[in-house]
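Novice: Provided below are the primary sequence and the corresponding predicted coordinates.
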Amino acid sequence: MSAEPVPDIQGESPQVAALGEHAGGPEMTLLEHLKELRSRVMVSAVAVVLGMLICFIFWQTILGWMLAPARAQIPDFTVASFSPTDRISIIVKIGLYGGMMLASPVLVYELLAFIVPGLTPRERKLLLPGIAGVVVFLLGGMAFAYWVILPASLGFLLELGSNEIENVTGIKQYVDFVVRIVFWVGVSFELPMVMLLAARLGLVRARQLLGFWRYAIIVIFVIAAVVTPTPDPITQTMVAGPLLLLYFVGVLFALLVQKPRPAPGAV
């Protein structure tokens, strides 16, 4: 009786191989899957709680970082509390958002450790580069929002009519504004990865994406108008410009990963 062939996973990274080391073991029962899922959820929850505790301790420093883009435009910019619960609400939000960010490496690892054993060797080899790309584009978008979009937007909004209207900005409204802009600009920078995935799944080809560039410009400016908080075309163009560049990066990614067309007459 011949032994079953062993899948070739040569070239797989040590990190992914370690995650999927028990992929070739005996199939787990539903109860075993549920126990593993519960264990990984518990580890993830503990990581989030620890991250929240750290952010609770340093909440004033984190709030200072969030206020920095506004103070770069107006040095004496301050925020006000309009409700007795605003302060505690902001501390909780800073702890929750910051805790999830600090715990994100653990969350990603626990997710991978749960799903990787069920993937094929080829899928496992593609997983880490894909996740790295998602993280890089997300952080790049968030950094762009913090260093470029927020100062420009706040400079426009806070200076508009400042001679007639006194700026009294609520702390809750300001933090929500900053989080929303940073998050959605970061998400919009995932455009190349979405295009890469669509091309890899065979839903679209690079030539088609390149042919849609005129429509892409319109869609990108619509996205920029939704993401940016100001109606001025300058800020919207500051968002749309990088997104348009990322669209063509996505076309290149699609060209690299798309599956070859079957030969004529092939079954």
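Specialist: Great, that's in hand. Values in this document were obtained by computation on a predicted structure and should not be read as measured data.
Novice: Work out the gap between stretch 192-203 and the centre of the chain.
Specialist: In this view, stretch 192-203 has its centroid 17 Å away from the chain centroid, taken as C-alpha atoms, centre = their mean, to the nearest Å.
Novice: Next, count neighbours for residue 227.
Specialist: Summarising burial for residue 227: neighbours were counted as other C-beta atoms under 10 Å, giving 22. Glycine gets a C-beta too; all of them are placed from N, C-alpha and C.
Novice: One more: the one 10 residues further on?
Specialist: Taking other C-beta under 10 Å as the criterion, the count of residues near residue 237 is 13.
Novice: Touching the strand or helix carrying it from outside, list them.
Specialist: Element membership for residue 237 (DSSP states H and E) is helix 233-257. Here helix 233-257 makes contact (C-beta atoms under 8 Å, 6 or more residues apart in numbering) with 137, 144, 148-149, 152-153, 156, 185, 188-189, 191-196, 198-200, 204-206, 209-210, 213, 216-217, 220-221, 223-225, 227-228, 230.
Novice: ok, now with 6 Å
Specialist: Contact partners of helix 233-257, identified using C-beta atoms under 6 Å, 6 or more residues apart in numbering, comprise 152-153, 191-192, 195-196, 199-200, 206, 209-210, 216, 220-221, 224-225, 227-228.
Novice: before we move on, what about stretch 144-161?
Specialist: Stretch 144-161 has contacts (C-beta under 6 Å, 6+ apart) with 69-70, 72-74, 167, 181-182, 185, 229-230, 232, 235.
Novice: Show me how to select, in ChimeraX, the buried members of the residues you listed.
Specialist: A single ChimeraX command selects the buried members of those (16 or more other C-beta atoms under 10 Å):
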select :69,70,73,167,181,182,185,230,235
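Novice: so which two of the contacts of stretch 144-161 are the farthest from each other?
Specialist: Using C-beta to C-beta, the pair of those lying farthest apart is 167 and 185, separated by 23.5 Å.
Novice: On the C-terminal side of the helix or strand of the chain with the lowest mean pLDDT, identify the next helix or strand.
Specialist: Using mean pLDDT, DSSP states H and E, the weakest-scoring helix or strand in the chain turns out to be helix 14-19, at a mean of 54. Using DSSP H and E, the next helix or strand after helix 14-19 towards the C-terminus is helix 30-57.
Novice: Distance from the chain centre to the helix or strand just after that next one, please.
Specialist: Sequence-wise, the next helix or strand downstream of helix 30-57 (DSSP H and E) is helix 59-73. Mean C-alpha position of helix 59-73 versus that of the full chain (C-alpha atoms, centre = their mean) differs by 22 Å.
Novice: name the helices or strands packed onto helix 59-73?
Specialist: Applying 3 or more C-beta pairs under 6 Å, 6 or more residues apart in numbering; DSSP states H and E, one finds that helix 59-73 contacts helix 86-115, helix 150-159.
Novice: what mean pLDDT does the helix or strand following the last one have?
Specialist: This means helix 150-159. Per DSSP H and E, helix 150-159 leads on to strand 169-170 as the next helix or strand towards the C-terminus. For strand 169-170, the mean pLDDT works out to 92.
Novice: and strand 169-170, which strands flank it?
Specialist: Take DSSP bridges as the rule and strand 169-170 pairs in its sheet with strand 79-80 (parallel).
Novice: Identify all contacting residues around the partner strand.
Specialist: So strand 79-80 is contacted by 168-171, 174 (C-beta under 6 Å, 6+ apart).
Novice: Distance of residue 216 relative to residue 250?
Specialist: Taking C-beta to C-beta, to the nearest Å as the measure, residue 216 falls 9 Å from residue 250.
Novice: More neighbours: the two, which one.
Specialist: Applying other C-beta under 10 Å to residue 216 and residue 250 shows that residue 250 carries more neighbours, namely 23 against 19.
Novice: Give me the nearest residue to the more buried one, chain neighbours excluded.
Specialist: residue 195 (3.3 Å; C-beta to C-beta, 6 or more residues apart in numbering).
Novice: which SS class is that neighbour?
Specialist: Classification of residue 195 using DSSP: H, G, I helix; E, B strand; the rest coil returns helix.
Novice: what separates it from residue 55, distance-wise?
Specialist: For residue 195, the distance to residue 55 (C-beta to C-beta) stands at 34 Å.
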